[in-house]
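Undergrad: Kindly return the folded structure for what I paste below:
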Amino acid sequence: MKIIIGLIIFSFLYAVSSLVSKANAQVFKFELSQPTQNIAVGSSFDVNLLIDTAGQEAINGDALIIYDPAKLVINSAASNNFFTYFSANPLGGTNNKYLVSSWEESIAHAKSSSTAIPFATLNLIAQSAGTTTLTFECTPGTEADSNINRASDSTDMINCNGLTPLTLSIGTSGPTTPPGLPTSTPPFGITPTVTSIPSPTPLPTVTPTIRPTSTPIPPPPTNPPQATQLPRAGSVDLTLAVLGLGTVLTIVGILIIL
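TA: Predicted coordinates:
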């Protein structure tokens with residue numbers, strides 16, 4: 001009987017200790033920034049990534065997130081400054097994993113939290129309708145996944161069993177008719193009359209007027225024509241004969257005087 005009672009007490013204490021350890025485990029958590037938001041296809045929304053070190057000082061944290069690329073695209077991630085340095089990128093060689101890392105350069109700046117506080121903010125885009133989940137890749141004893149490393153010895157102290165996925169429900173896109181432009185329905189029994197649109201009157205064709213071609217006037221000559229030979233003023237032979245006669249008469253007169 002004592003043995004049975006002892007086993008019952010041991011089982012009870014083990015269960016209580018397990019619950020306490022899970023409640024105080026070092027974990028990451030997801031939560032929608034706007035829990036009541038309707039996620040439509042093609043819309044963007046934010047998811048908060050939280051960290052809880054359960055009071056233990058940590059030097060860095062890595063959250064390896066798994067998602068369905070047919071339903072979601074992780075557009076970006078921004079730091080909430082839990083640690084000083086930050087990096088966020090799709091994991092190389094895959095199309096469905098995204099790694100968010102943040103760290104301190106020395107244990108002198110180690111950080112701790114006793115509740116889940118903001119670590120990073122993810123911006124996602126809904127790709128198609130349906131239900132999908134965000135989960136953490138985590139395997140105990142493995143460093144190439146999600147980790148929370150203790151500041152004193154860099155030991156990975158994350159509790160993989162304490163990580164929970166986030167389920168998202170993506171609806172259809174909004175109405176195709178733009179708001180403010182409702183389609184009116186005519187009252188019962190009244191058929192709307194379609195008013196014909198008058199055809200525009202064609203413009204008259206303008207016939208061009210043919211103008212007579214003017215006869216070109218030749219320009220005035222630049223230099224007047226020159227005479228090829230001046231007119232004769234008198235007879236050269238007659239002039240010479242008169243001069244010769246005069247000379248002879250002059251000589252005869254002189255001889256008579258002598």
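Undergrad: C-alpha from now on. contacts and neighbour counts both.
TA: Noted.
Undergrad: just for the stretch 51-200 of the chain, where's the confidence low?
TA: Applying pLDDT under 70 to the stretch 51-200 of the chain flags residues 173-200.
Undergrad: And the helices in the protein?
TA: Per DSSP state H, the chain carries helices over the ranges 2-23, 236-257.
Undergrad: comparing these, which gets the lowest mean pLDDT score?
TA: Of all the helices of the chain, mean pLDDT reaches its minimum on helix 2-23 (a mean of 46).
Undergrad: what's the burial count for the nearest residue to T115 once chain neighbours are set aside?
TA: Distances taken as CA to CA, 6 or more residues apart in numbering place D52 nearest to T115, at 5.3 Å, with adjacent residues excluded. D52: 22 surrounding residues under other CA atoms under 10 Å.
Undergrad: Tell me if I'm right that D52 and S113 touch.
TA: Yes: the criterion here is CA atoms under 8 Å, and D52 meets it with S113 at 5.6 Å.
Undergrad: For L99, which non-adjacent residue is closest in space?
TA: Take L99 and drop its neighbours on the chain: the residue closest to it by CA to CA, 6+ apart is L64, 4.6 Å away.
Undergrad: Just give the nearest non-adjacent residue to Q127, would you?
TA: Computed as CA to CA, 6+ apart, the closest residue to Q127 that is not its neighbour in sequence is K71, at 4.7 Å.
Undergrad: Would you check that that neighbour makes contact with L124?
TA: No: with contacts counted by CA under 8 Å, K71 stays clear of L124, the gap being 10.2 Å.
Undergrad: give me every residue that touches the residue nearest to D46 when sequence neighbours are not counted.
TA: The shortest distance from D46 to any residue other than its chain neighbours is 4.6 Å, reached at N123 (CA to CA, 6+ apart). Residues in contact with N123, defined by CA atoms under 8 Å, 6 or more residues apart in numbering, are S44, F45, D46, V47, I74, N75, S76, A77.
Undergrad: The same query, at a cut-off of 10 Å, please.
TA: Neighbouring residues of N123 by CA atoms under 10 Å, 6 or more residues apart in numbering: S33, S44, F45, D46, V47, N48, V73, I74, N75, S76, A77, A78.
Undergrad: now Q34
TA: Here Q34 is in contact with F45, D46, V47, N48 (CA under 10 Å, 6+ apart).
Undergrad: Wait, the first one touches A77, no?
TA: No: because the distance of 11.7 Å does not satisfy CA atoms under 10 Å, F45 is recorded as not touching A77.
Undergrad: what's the spacing between the spatially closest residue to F82 that is not a sequence neighbour and T53?
TA: Using CA to CA, 6+ apart and skipping the chain neighbours, the partner closest in space to F82 is F119 (5.6 Å). The gap separating F119 from T53 is 11 Å, by CA to CA, to the nearest Å.
Undergrad: shared neighbours, these two?
TA: F28, G61.
Undergrad: S112: what's it in contact with?
TA: Counting by CA under 10 Å, 6+ apart, S112 has contacts 26, 51-59, 82-83, 150-151.
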